[in-house]
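Undergrad: Give me a 3D structure for the following:
(4 chains)
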Protein chains: 2
Amino acid sequence: MALRRIDPASDRAVYRQIADHLRADIESHERPPGSQLPSESSLVADYGVSRVTARRALSVLVTDGLAISEHGKGWFVRRRPPVKRLSSDRFARRHEGKAAFTVDMEANERKFSVEVIYVGQGDAPPEITSRLGLPPGTAVLVRRRRYLVEGQPTEFATSYIPLDIAAGTPIEQENPGPGGIYGRMEDHGLVFERYDEEISARMPTEDEARHLSLPAGSPVLHLVRTAVASGRVVEVCDTIMDSAAFVLFYSLPAR
Amino acid sequence: MALRRIDPASDRAVYRQIADHLRADIESHERPPGSQLPSESSLVADYGVSRVTARRALSVLVTDGLAISEHGKGWFVRRRPPVKRLSSDRFARRHEGKAAFTVDMEANERKFSVEVIYVGQGDAPPEITSRLGLPPGTAVLVRRRRYLVEGQPTEFATSYIPLDIAAGTPIEQENPGPGGIYGRMEDHGLVFERYDEEISARMPTEDEARHLSLPAGSPVLHLVRTAVASGRVVEVCDTIMDSAAFVLFYSLPAR
DNA sequence: TAGTGGTCTAGACCACTCG
DNA sequence: GAGTGGTCTAGACCACTAG
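TA: Below is the predicted model of the structure:
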């Protein structure tokens, strides 16, 4: 964090050089997560650049997911919530009467909560009805909720369930009871065979960024789970996760 | 793509309004992938804003992963390489004598190639030696390579293998032969038990962005695979993937 | 009120691409 | 050479946060 100067002979743009200095400080933990970065005016004074250039340097760090700005307060090194999501034994342990998310979080000893945003009939996007094996436009049960870990939103999930499975069962309730919706499906004789998960990553839409309180430069993990029971698809769950908060874990047997 | 105007009464910043217009055109495919966006000067003329504001609007799209700029040429709607990576049957099919990546790509009928960057002894980061069950600083065999799909780099992988397994075997060669390094390990009597995979997503480092020719606003998928055979960890493979090029697929049995 | 970031302007010089 | 993006400056006004 020693005072560094711009090399005017360098090919590297001035704003990048300043960003490099700050990045080095962040990566070496000389500027720890949550600490305040130099203000724009102090960069202007220290480096002898215009305010626009100082801002650009700081913006580079935001784009790289290393910093955030807070209006009226300053620029700060971004805090990273460390959370781990288990997978392979996630569904096995569900049989003890807990929903998958509960199992995941308890395995990591964190305080969590669930916010139900919407439960009721609704339309599903065509990609979803197609996975469910239903004609486009078919009404389904929609369960939309947001998961919070230690007060911070980290995950935003929407489940789609065929109405012939959900109608008249506790699956239509906000709280479907012990074991979650999978438990209720088993009560009705459905035998689960497998869960297929597709994972991708991308930048969030503006909506997603708002729902998850994501700073700029923070990608999301997109997970689509298809649950198969008794020979048919009984649920498609579309999940958007703060990528800074999750590591997904899969254990594949060799044979 | 009709001529739209800025609403000066709106709370939304001018550069965001312009970005919104362009984003809508991109998402509706009125501006298809690869097409040229309006030049900075034409935005200046059409919207009556300064060049800085026009550039900021375009930069928003870059940060969101929707556009790229090419010096001297213009701004373009980003092309997205569609590729799918299979997982669950990836290792099962390896036994036919093909490496996992080959299986993945053939399943998607794409032209691919592998570039070997380095094969030889080297140091492994402490996270890696710890996974391998070796003391920090132990030398290991390092195999670093880059995978290209249809000429575009999409994946950058580094394998770390304990020397007592690799030394004196074709694993130390650039081309380890049919079935890849796993095939050679089996030749020596190792029996594979499972592959553990940890997946996360984040923004790339500058190095990673260069190696993968990633535009700004393009996150990477980070996959760390730990191969367990005959009761010990025989390889850790650290993979960085262009998130725009991959969808990871896992099938989890219910019991 | 003082300090911080958020937005915008007008103008400059440079480097790259293409015909 | 004409057009495109890349970088930088000096200055302005506004909005938010704090003591």
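Undergrad: In terms of helix, strand or coil, where does the residue of chain A found nearest DNA strand D fall?
TA: Across chain A, no residue is closer to DNA strand D than residue A:72, which sits at 2.5 Å (C-beta to the nearest atom of the strand). Quick note: C-beta positions are derived from backbone N, CA and C, even for glycine. Using DSSP: H, G, I helix; E, B strand; the rest coil, the structure places residue A:72 in coil.
Undergrad: which element is residue A:227 on?
TA: Element membership of residue A:227 [criterion: DSSP states H and E] is strand A:220-229.
Undergrad: what does residue A:147 give?
TA: Per DSSP H and E: strand A:139-149 holds residue A:147.
Undergrad: which residues does the residue of chain A closest to DNA strand D contact?
TA: Applying C-beta atoms under 8 Å, 6 or more residues apart in numbering or on different chains, we find residue A:72 in contact with no residue.
Undergrad: what about the strands in the stretch 101-250 of chain A?
TA: Remark: strands assigned in the stretch 101-250 of chain A by DSSP state E, counting those that start in this stretch are A:112-123, A:139-149, A:152-162, A:192-202, A:220-229, A:232-242, A:248-253.
Undergrad: Let me have the ones you listed in a markdown table, extended by mean pLDDT, distance to chain B and mean neighbour count.
TA: What follows is these, written out as a markdown table (pLDDT from 0 to 100; distance: least, C-beta to the nearest C-beta, whole Å; neighbours: other C-beta atoms under 10 Å in any protein chain shown):
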| stretch | mean pLDDT | distance to chain B | mean neighbour count |
| --- | --- | --- | --- |
| strand A:112-123 | 90 | 19 | 14 |
| strand A:139-149 | 92 | 16 | 19 |
| strand A:152-162 | 91 | 13 | 22 |
| strand A:192-202 | 92 | 4 | 20 |
| strand A:220-229 | 94 | 5 | 22 |
| strand A:232-242 | 95 | 9 | 21 |
| strand A:248-253 | 88 | 4 | 19 |
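Undergrad: Redo those strands as CSV? Include distance to DNA strand D.
TA: Putting the strands of the stretch 101-250 of chain A into CSV (distance: least, C-beta to the nearest atom of the strand, whole Å) gives the following:
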stretch, distance to DNA strand D
strand A:112-123, 23
strand A:139-149, 21
strand A:152-162, 18
strand A:192-202, 22
strand A:220-229, 25
strand A:232-242, 22
strand A:248-253, 34
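Undergrad: before we move on, the earlier item: against which helices or strands is the strand holding residue A:227 packed?
TA: On a contact count with 3 or more C-beta pairs under 8 Å, 6 or more residues apart in numbering or on different chains; DSSP states H and E, strand A:220-229 meets strand A:192-202, strand A:232-242, strand B:192-202.
Undergrad: That one pairs with which strands?
TA: strand A:192-202 (antiparallel), strand A:232-242 (antiparallel) (DSSP bridges).
Undergrad: what angle separates the strand holding residue A:147 from strand A:112-123?
TA: 160 degrees (axes from the mean of the first three to the mean of the last three C-alpha atoms, to 10 degrees).
Undergrad: Could you figure out how far strand A:139-149 is turned away from strand A:152-162?
TA: Interaxial angle of strand A:139-149 relative to strand A:152-162 (the same axes, to 10 degrees): 160 degrees.
Undergrad: From the contact counts, what lies against strand A:139-149?
TA: strand A:112-123, helix A:126-132, strand A:152-162, helix A:163-166.
Undergrad: Out of those, which gets nearest to residue A:248?
TA: strand A:152-162 (11.7 Å; C-beta to C-beta).
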